[in-house]
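Engineer: Here is a sequence with its predicted model. Questions after.
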Amino acid sequence: MILKSLDVNNLPEIFKDSIEIVMILEIFLVFMGNHEGNEAFIINFIRNLTKIKRFDIAVSFLLAKEKLIIQGLLDKLQETQFLEENEYKDFLLLYKLKK
């Protein structure tokens, strides 16, 4: 998975001013197919995505079907107990999802 070659702490610098919804969804789709054994990295990555400028604006435009993709990964991470309940709830708020 090529995403693992990125320093997740540098995501705000890599994406500088904003990130497109399409890119967010592509990242989540990659993670959906490769989450086993990569849970800690994925949680750190999706946490750092939220630090990109204008992230909150981008996710506010997510369609219902796009939100399901993000929700699906968060649910899987919580089910495997890599994502604690409070952190799960924080991600739901950051990604503007409801549960």
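Structural biologist: Arrived safely, thanks for sending.
Engineer: CA atoms for contacts and neighbours, from now on please.
Structural biologist: Fine.
Engineer: in the chain, what spans have low per-residue confidence?
Structural biologist: For the chain, applying pLDDT under 70 flags the ranges 1, 99.
Engineer: Next one: the closest residue to Glu85 other than its chain neighbours from Asp7, what distance?
Structural biologist: Distances taken as Cα to Cα, 6 or more residues apart in numbering put Gln78 closest to Glu85, at 7.2 Å, once the chain neighbours are dropped. Spatial separation of Gln78 from Asp7 under the definition Cα to Cα, to the nearest Å is 24 Å.
Engineer: Would you enumerate the residues in contact with the residue positioned nearest the centre of the chain?
Structural biologist: Against the mean C-alpha coordinate of the chain, by Cα atoms, centre = their mean, the closest residue is Ile46 at 3.4 Å. Residues in contact with Ile46 (Cα atoms under 8 Å, 6 or more residues apart in numbering): none are found.
Engineer: For the strand or helix carrying it, list the C-alpha coordinates in PDB.
Structural biologist: Using DSSP states H and E, Ile46 sits within helix 39-49. As requested, the backbone C-alpha atoms of helix 39-49 are provided in PDB (Å, rounded to 0.1, in the frame of the first residue of the first chain):
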ATOM      1  CA  GLU A  39      -5.300  -0.400  11.800                       C
ATOM      2  CA  ALA A  40      -3.000   1.800  13.800                       C
ATOM      3  CA  PHE A  41      -1.600   3.400  10.600                       C
ATOM      4  CA  ILE A  42      -5.100   4.000   9.200                       C
ATOM      5  CA  ILE A  43      -6.400   5.600  12.400                       C
ATOM      6  CA  ASN A  44      -3.400   7.900  12.500                       C
ATOM      7  CA  PHE A  45      -3.800   8.700   8.800                       C
ATOM      8  CA  ILE A  46      -7.500   9.500   8.900                       C
ATOM      9  CA  ARG A  47      -6.900  11.600  12.100                       C
ATOM     10  CA  ASN A  48      -4.300  13.600  10.300                       C
ATOM     11  CA  LEU A  49      -6.500  14.100   7.200                       C
END
